[in-house]
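Asker: Just the structure for this:
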Amino acid sequence: MDDVWYVDDDGAPRTIAKFALEKKYARVRVFSDGAEAREAFENGDRTRLLISDTLMPGLSGPGLILYARDKGITDMKILLVSTSDDYLKFAPALKVPALKKPFSPNGLLEVVEGLIPPSKQ
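Answerer: Numbers count the residues shown, from 1 in each chain. I've put the predicted structure just below:
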C-alpha cells in the first residue's frame, strides 16, 4: 500500500507536492489525471491518503472519490485541492477536507500530517 497519491493535471503543484510529501512519506505516487488513478485502483493498488484536484479533464476529483467509494474502497483518507473556492464547495458534500491552491510545501505537509502519520522519521 502506498502512503499518498497526489492527482492533479497541473504539473507545477504535482511537482511541489511530490517534493514535499517525500520528506515525510516513503511511498508517494503522482498521477496527471483521475483516469490514471482510477486505473491504479482497478489494478488493486491502494493508498492511505488520496489527494486530488477537483477540476481535471476527463475524470474529476469528486468523480474519482465517488468511483472509489462505489468500488468499496473506503479505508483511505481523502483531501481535495483546488485553486477555486467554488470547486472546494464539493468537499463538505463528499465529507472530506479541502486545501486551497497554491499551497506551500510546509502547509501541505501540515494538513497531510493531520490526516495520516508520517512513514519516515
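
Asker: what comes into contact with the least confident helix or strand in the chain by mean pLDDT?
Answerer: Ranking every helix and strand in the chain by mean pLDDT, DSSP states H and E puts helix 85-88 at the bottom, with a mean of 87. Helix 85-88 is contacted from outside by T54, L55, L80, S82, A98, K100, using Cβ atoms under 8 Å, 6 or more residues apart in numbering. (Each C-beta comes from the backbone N, C-alpha and C, glycine too.)

Asker: out of everything not next to it in sequence, what's closest to D9?
Answerer: Using Cβ to Cβ, 6 or more residues apart in numbering and skipping residues adjacent in sequence, the residue nearest D9 is M56, 4.3 Å away.

Asker: what about the one you found, which SS state?
Answerer: Put simply, M56 is coil when judged by DSSP: H, G, I helix; E, B strand; the rest coil.

Asker: which SSE is the residue nearest the centre of the chain in?
Answerer: Geometric centre of the chain, nearest residue: I51, 0.9 Å, by Cα atoms, centre = their mean. Assigned by DSSP states H and E, I51 belongs to strand 47-53.

Asker: So what touches the following helix or strand past that strand?
Answerer: Later in the chain than strand 47-53, the nearest helix or strand by DSSP H and E is helix 61-70. With Cβ under 8 Å, 6+ apart as the test, helix 61-70 has contacts from 7, 34, 37-38, 41, 50, 52-55, 59, 74, 76, 78, 80-82, 90, 94, 96.
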